[in-house]
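Peer 1: Predicted model, plus sequence, below.
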Amino acid sequence: MLVIYCGGVHANHDLCPACHELLVYAAGRLAKCPHHPKPACKKCPTHCFPPERREQLRAVMRHAAPKMLFYHPLLTLRHYL
């Protein structure tokens, strides 16, 4: 999702430094998540991200989610299931 977002918003074919930093941060936080399987963030009793990071991730998902079907149809189906 971050590659789709960065390509559309920042016009990069790869991840820009800000998006790469967000990816590393999110991966580190999710790796430490005490809930398995991880519920959706809005339904999770423990928030992994501070409010400003949550807003960044929401912006990424709002931009990339509708476009995922065209880039990765099988991953999109898996994501929504």
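Peer 2: Now that the structure is in, tell me what you want to look at.
Peer 1: now the helix or strand of the chain with the lowest mean pLDDT, how far from the centre of its chain.
Peer 2: The weakest-scoring helix or strand in the chain, judged by mean pLDDT, DSSP states H and E, is helix 73-80 (a mean of 82). A distance of 14 Å separates the centroid of the chain from that of helix 73-80, by CA atoms, centre = their mean, to the nearest Å.
Peer 1: go on, stretch 24-37?
Peer 2: For stretch 24-37 - counting by CA atoms, centre = their mean - the centre lies 12 Å from the chain centre.
Peer 1: What residues of that stretch count as buried?
Peer 2: Within stretch 24-37, the residues that qualify as buried are A26, counting by 16 or more other CB atoms under 10 Å. Backbone N, C-alpha and C define where each C-beta goes, glycine included.
Peer 1: swap in stretch 62-79?
Peer 2: H63, A64, M68, T76.
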